Each structure stands twice: as C-alpha cells, then as structure tokens.
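A.B. asks: Give the three-dimensional model of this entry:
(2 chains)
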Amino acid sequence: MRNKIKNIENKTFLLYMTVVLFIVMYVIGIVMFHDKGFQKPQVFLNLFISNAGLIVIATSMTMVIISGGIDISVGSFVALTCMMLAYMMEKGKMSAISSIVIVMVMGLVFGLVQGVLIAYLNIQPFIVTLAGMFFARGMTAIISQEMISIKNEAFLSWANNKITIPIFGIVNKKGATIYPYIYPTVIVAMVILVLMFVLLRYTKFGRSIYAVGGNEQSALLLGLNVKKIKLQVYILNGILCSIGGFLFCLNTCAGFVEQAKGFEMEAIAGSVIGGTLLTGGVGNVFGSLFGVLIKGTIEAFVSFQGTLSSWWTKIIIAVILAFFIILQSILAMSKRGQK
Amino acid sequence: MNNINIKKITSAGLFLPILSLILVLIINVIKTPNFFYITVQNGVLYGYIIDVINRASELVILAVGMTLVVASSGGTDISVGAVCALAGAVACFILAGGQVSTDIYRAPYIIAFLAAILVGLLCGSFNAFLVAKMNIQPMVATLILFTAGRGMAQLVTNGQITYIRVDSFKMLGNSIKGIPLPTPVFVAIAVVAVTFVILKKTALGLYIETVGINNKAARLVGLNPVLIQFIAYAFCGLLAGLSGMLVSSRVYSADANNAGLNIELDAILAVALGGNSLGGGRFSLLGSVIGAYTIQALTTTLYAMSVSADQLPVYKAIVVVIIVSLQSKELQRIIRDIRHSKKKVEIAYEK
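C.D. replies: Numbering: from 1, shown residues only, chains lettered A, B, ... in the order given. Alright, predicted model coming up:
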C-alpha cells in the first residue's frame, strides 16, 4: 500500500514540477521583458500558435512512449508531410482537401510499416524509427530539393483565418481596442489533445497501452494481444504525425528538405519534461502540453532577447531534457532502493 | 553432404559482410569497368578503389567505436556525427584563433589536435555517464548530443565556415608527399589494429561481450558493468573526435552543418552489416570494418548513379531495415513455421 502511494506521488511529482517550472519561467519572462510586452495575452497565445503541430506530435509521442516504444522519425516525417502537401498542391494542382487525405493515408502506411517491424518482427523501435527518420528525410529530397511555397487559395485561407477572442482586449496608442487572436490550428491541436486524453484514460485501448508499457509480460499474461496493441499504437502515431505535419505546414506554408530538423527531440523533450517515463507505462498528455509550452517559452526568450542566436534554443532544450531524464532515473533508482 | 557444407559457410560469422562486399564490388565492376584500375599521378595512387578505401576511413574509425557501444549495451550512439562536427569546429577555432580564415597557425597544431580528441572524449563520457551510470536508454541519451552537438559547433564557429589554409593541416586528411596512399587509410588501419590488440591481449573484449549479453550476470561474476559500458561509450566519443579531425582536415575547414552528416546511420549500418546483432553481446570488429568499406563502396556507387547526398539515406535506410529484419529471430521463427506447415501438408497429402 505504501509503495503504491509513493508510486503515485512520483508520477504526479514530475507533472507538478513541469507546471511550476513553466509558471516560474513565464513570470521571469514577464519581469525581464516587461518593456517589450512579454505580459501581453497575445504572447501567451503565440506559444500555442507557433507550436500547434508540435503539441499534436508530442501528444502522439507520449502515447508511443507510454506503450514502451519511441519514435525518432517524427521530425523527418513532418518535413515529408509538408513537402508532399506543397508538391501535390503546387506541382500536382490537386485540391487542398484531397492532398490532406493522401498525406493522412501516407501517415497510416508509414505507421503500419514501422509498427509491423517493431511489433511483429520484434526489432528495437529505435533502429526502425532511425531508419524511418533517414528514409523520410531522403524521400523529401527525392520529391524536390528546391523549396516549394504553397499558394493554394483554400490552404492559405485556412492558414490566415484569424479567430479573435473578445476578452483581454488591449487599447493601443490610437485608442482602438485590439483583441488577442488564435488560428484554427490551435483549436485542432486542442481537440486532438483532449481526444487523446480521453482515449488514453477512459477507453479499453488506452488502458491496454499503459498495461503493455508498464510490463509487457504481465500484459501478455492478462490476455492482452500485445503485438496488435503495439501495431495500433504506431498506426495511430503515423496518422497523428501527418495531422501534426499538416498543422506545422499551415504555419510555414512551404515544403523544404531542412524543415523541422530536431523536431523529434523537441517532441521527446516535451513528453519527458511533462512527466512521461521513458521506461513506459506512465504519462499524461497534458504534461506534454506543458513540456511543449516550456520549449515555446524558451524560444520566446531567445527572440525577445534579440541578440542570442537560434541555436541556443536547441542547446537549452537539450540541457533541460538531460536534467529531466537524470531526475527520472534518480527517482526510479530510489524507488528500486525502497523495495 | 553438400547441403551441410553450404549451411556451414552461410552460418559463419563473416559470411554476410563478405558476401555483401563482393555483391557491391561486382555491381561496380559491371557499371564502371575501370573500377579496379589504378593510376599513379605525382607519386600518388589514383582510382575508384583507392577513393573508396580513402573515403571509408572515418566510417571505419566510427564503426570500431560503434561496435563496442552496441556490443556492451545493445544500444547505439547516434551522436557521433554531431561530435565529429563539434570536435572539428573546436580544433579549427583554436588554430584560427577565433577568425574565419587563416593562412598561418595561431596556436600549435598539437594543442588543437588534442583539444579535438578531448572534446570527443568529453562528449563520449557525457553519453557514458547517462547510459552506464544513470541507466538511460542509449538512444535517448545520445539524442541530446545528436541535436545539441551541431548547435554547439555553430556557436564555436559563430555560424560560419572556418578555413585553415595551411599545407600541414591538410596532411591528415589528404596525403603526405612521397607516400603513395592517402593518410586517412593509415589512421584507420592504426585505429583498427590498436583496438584489436587491446581487445585480444586484455580480457576487455570478453568483458564487453559478457556485459552486453547479460548485465546482471556480469555483475554477479564480479565484473563492473558500469565501468565497462563507460569505457565503450567514452572510447566511441574519442574516436568520433579523431574522425572529426580527419573530416575537417580533408576539406581544411570546419563546417558545423555538414561535417559528418548522416554518418551515424552509416556507422550503425556498418555494424549491422558486419554480422553483429544490434541487441548487443557477441561482436566481430573485423565484420564491422568490412561492413564500413562495403557501405562506402555502396555510397560511391550511388553517387556514380547520380543520386545526390541528401537522397542517399533513403537507400541506406531500406538496407538497414532489410538487414535487421533478416537478423530478427521472430522472422526466422515465422519462416520456420511456414516451412513446417508446408511439410505437414505434404505429409498429409502423401498419406
């Protein structure tokens, strides 16, 4: 019984720490960059706008890590998705809707292949998704080595459709009230986040994912079809990654080879910072949301500061990721020590 | 009788790497008939085959380190490419004294060389600490440097390409006057020889295999798994630093974005192609070395077929997946099951 309580404490401890870290960082930001307007509600909403795609992908990554696997192909896959969308709409003159459907089917196939290799051939997820990562990036270069900008009207109208929120208005110098706004991407990302939360917490499939990640042997003895569940996880992951790539594409409106480099680490960092255990079986998608917001805040710091180069974002995220995985490992060791 | 012989040959450790090397070479000979043709220009040997052996040097060095990492932990170090870039950037930064381009050394060469090795060793030790001491999955641990390493290299070079236009700097990556073969070939041979001797003359090779096969059992027989894994990762980092020196000497500059790009996949591929299981345990250094030369031959072939550098990974990724699928015990079991059921059907049919 005591062990159980300790266990729960550990799980929520990491999540609380993330939320506190985010709030502390944000307050520091407001104090430091008060003169540049860091306290405006729009700055906060921009965190969501610029990271809508990443929120979806981090959510999906959380599911994969909970199941005991990992996917490091997401960054390259986002680049491939953007390139496919750009190529189909600009070179193929296809409609935006059909392009998106094709991209989602591609995500499904990509997830299916990775899932079969991981679940049914029992190959380490790292190796499979590492191959997937290089494959997707290479395919992007095969489709086009030049950057393709998207000029499709329907697509651009989605991308530029501002939705104003009629609260927290700020009166500017001219006396007009400016309301903060978001883009549709944020709504899509939030809906997926909530759906994934419900899926993981309240459905049989969701609970099986936790069981498989927690202890594969026990899950097998409980009569769960471990292989099938793993396959389903990777298929769902593929589809969600293509949606994430689509949202990312709405922000950039272009496809090019170097796009979304290092995205896999941002997604894994978001998940891990949000309290998902790399060993599987423990995690919460809302934690991952805060993980992504922390990354967004670091980016905002770097851009508000002005003189720092953008590489700092990657380095700082790497440091925070290292800190959190060491913390996880220490917690895991102390738990083992108690037993 | 014949059957048994074939089985014996195909199950021998070096069968897969040698077969694939021969396959790639045959394809090359068909595509370019003068593949084995070697000419002498200014006392230096030239030819396709020399080019392959020369270009493979960094990969051979990294494959040696990667083999030990895979064998000791069943995981891979994906940060080697970024560490190459970082080590090269640091060395060039010291030599150029912080300037973008230089015609003379602003610091002694040996200091820059040692600094590059030290950077590699430090990065390797960082990975080693996370993997061996903190028990973190190797790929997540090395993912940190995989993404941050190039960022740090960019910071060192200030986002520019640092050029070192001094003849003696080019020696390591190109050739020394009077010696017919390029220098990297000798460096690679030296690294392989030294590692081989260390592993065979001491029990370290055996220890690494033991830890890789069963970590707990290794501890129970009195080995120190943490130390052994630490040595493997730190050594891999050191070799990454050395190949970073080779890469930057080859192009007499430090390019944070492109030095050692995608080389981690090649190194892992070389290890897998060498007949080593990516799950850890038994390893063959020679297999990995042959694997590395095969990969380079494959790369050169693909370049000759006008595949561009950023499209290459597609083909290599497919090869990786095929090799690891063939190694997979599950697939072997499925094939066996299918064969059995076929036999059963045949027997039932005969009855």
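
A.B. asks: what residues are up against B:N42?
C.D. replies: Contacts for B:N42 (CB atoms under 8 Å, 6 or more residues apart in numbering or on different chains) come out as none. Yep, even glycine has a C-beta here, placed from its N, CA and C like the rest.

A.B. asks: Setting aside sequence neighbours, what's the nearest residue to B:E58?
C.D. replies: B:S243 (4.0 Å; CB to CB, 6 or more residues apart in numbering or on different chains).

A.B. asks: I'd assumed B:L62 was in contact with the one you found.
C.D. replies: Yes: in terms of CB atoms under 8 Å, B:S243 counts as a neighbour of B:L62; the distance is 5.6 Å.

A.B. asks: Next one: the residue of the stretch 1-150 of chain B found nearest chain A, what pLDDT does it get?
C.D. replies: At 3.5 Å from chain A, B:A148 is the closest residue in the stretch 1-150 of chain B, using CB to the nearest CB. You'll see B:A148 listed with a pLDDT of 89.

A.B. asks: if we can go back for a sec, need the contact list for the residue nearest to B:E58.
C.D. replies: Counting by CB under 8 Å, 6+ apart, B:S243 touches B:57-58, B:61-62, B:80, B:84, B:260, B:263.

A.B. asks: which residues are in contact with both of B:S243 and B:L62?
C.D. replies: B:80, B:84, B:263.

A.B. asks: From the residues you listed, pick the one nearest B:L25.
C.D. replies: B:I263 (22.0 Å; CB to CB).

A.B. asks: Without its sequence neighbours, what residue ends up closest to that closest one?
C.D. replies: In space, B:I263 comes closest to B:G81 once its chain neighbours are excluded; the distance is 4.5 Å by CB to CB, 6+ apart.

A.B. asks: Near that neighbour, how many other residues are there?
C.D. replies: For B:G81, the count of nearby residues is 29 (other CB atoms under 10 Å in any protein chain shown).

A.B. asks: Check B:L68 too.
C.D. replies: 28.

A.B. asks: Which of the contacts of B:S243 fall in helices?
C.D. replies: Per DSSP state H, helices hold the following members of those: B:57-58, B:61-62, B:80, B:84, B:263.

A.B. asks: ok, and the most crowded of the residues you listed?
C.D. replies: The most crowded member of those, judged by other CB under 10 Å, is B:V80 (37 neighbours).

A.B. asks: In contact with that residue, which residues?
C.D. replies: Taking CB under 8 Å, 6+ apart, we find B:V80 in contact with B:62, B:65-66, B:236-237, B:240, B:243, B:260, B:263-264, B:267.

A.B. asks: leaving aside the residues next to it on the chain, what's closest to it?
C.D. replies: That would be B:A240: by CB to CB, 6+ apart, it lies 4.4 Å from B:V80.

A.B. asks: For the one you found, give me its contacts.
C.D. replies: Contact analysis of B:A240 by CB under 8 Å, 6+ apart lists B:62, B:65, B:79-80, B:83-84, B:87, B:120, B:123-124, B:260.

A.B. asks: what's the most distant pair in those?
C.D. replies: Using CB to CB for every pair in those, the one that comes out farthest apart is B:G124 and B:G260, at 14.5 Å.

A.B. asks: coming back round to it: any idea which helix or strand carries the residue nearest to B:V80?
C.D. replies: Secondary structure assignment for B:A240, by DSSP states H and E: helix B:225-250.

A.B. asks: what's the offset of that helix from the middle of its chain?
C.D. replies: Relative to the chain's own centre, helix B:225-250 is displaced by 11 Å; criterion: CA atoms, centre = their mean, to the nearest Å.

A.B. asks: By mean pLDDT, flag the weakest helix or strand of the chain.
C.D. replies: The chain I'm using is chain A. strand A:170-171 (a mean of 70; mean pLDDT, DSSP states H and E).

A.B. asks: Enumerate the residues of the stretch 151-300 of chain A near chain B.
C.D. replies: Residues of the stretch 151-300 of chain A lying near chain B by CB under 8 Å from any CB of the partner chain: A:257, A:262, A:264-265, A:268, A:272, A:278.

A.B. asks: out of these, which is most surrounded?
C.D. replies: Most crowded among those, counting by other CB under 10 Å, is A:I268 at 31 neighbours.

A.B. asks: can you give me the strands for the chain?
C.D. replies: Going with chain A. Applying DSSP state E to chain A gives strands spanning A:148-149, A:163-164, A:170-171, A:177-178, A:181-182, A:254-255.

A.B. asks: Oops, wrong one, chain B.
C.D. replies: Here chain B has its strands, by DSSP E, at B:39-41, B:44-46, B:101-102, B:162-164, B:253-254.

A.B. asks: one step back: pull out the buried residues from the helix holding B:A240.
C.D. replies: By neighbour count on 16 or more other CB atoms under 10 Å in any protein chain shown, the buried set for helix B:225-250 is B:225-226, B:228-250.

A.B. asks: what stretches of chain B score poorly on pLDDT?
C.D. replies: Counting by pLDDT under 70, the ranges of chain B that qualify are B:1-13, B:351.

A.B. asks: From the centroid of it, which residue is nearest?
C.D. replies: B:A63 (2.6 Å; CA atoms, centre = their mean).

A.B. asks: I'd say it and B:N276 touch.
C.D. replies: No: the pair B:A63 and B:N276 fails to qualify as a contact (CB under 8 Å) at a distance of 9.8 Å.

A.B. asks: Show me whatever sits in contact with both of these two.
C.D. replies: In contact with both B:A63 and B:N276: B:S288, using CB under 8 Å, 6+ apart.

A.B. asks: burial of A:I28, as a residue count?
C.D. replies: Neighbour count for A:I28, taken as other CB under 10 Å: 13.

A.B. asks: so what pLDDT did it get?
C.D. replies: Here, the pLDDT recorded for A:I28 equals 89.

A.B. asks: need the contact list for it.
C.D. replies: So A:I28 contacts nothing (CB under 8 Å, 6+ apart).

A.B. asks: Great, nothing more from me.
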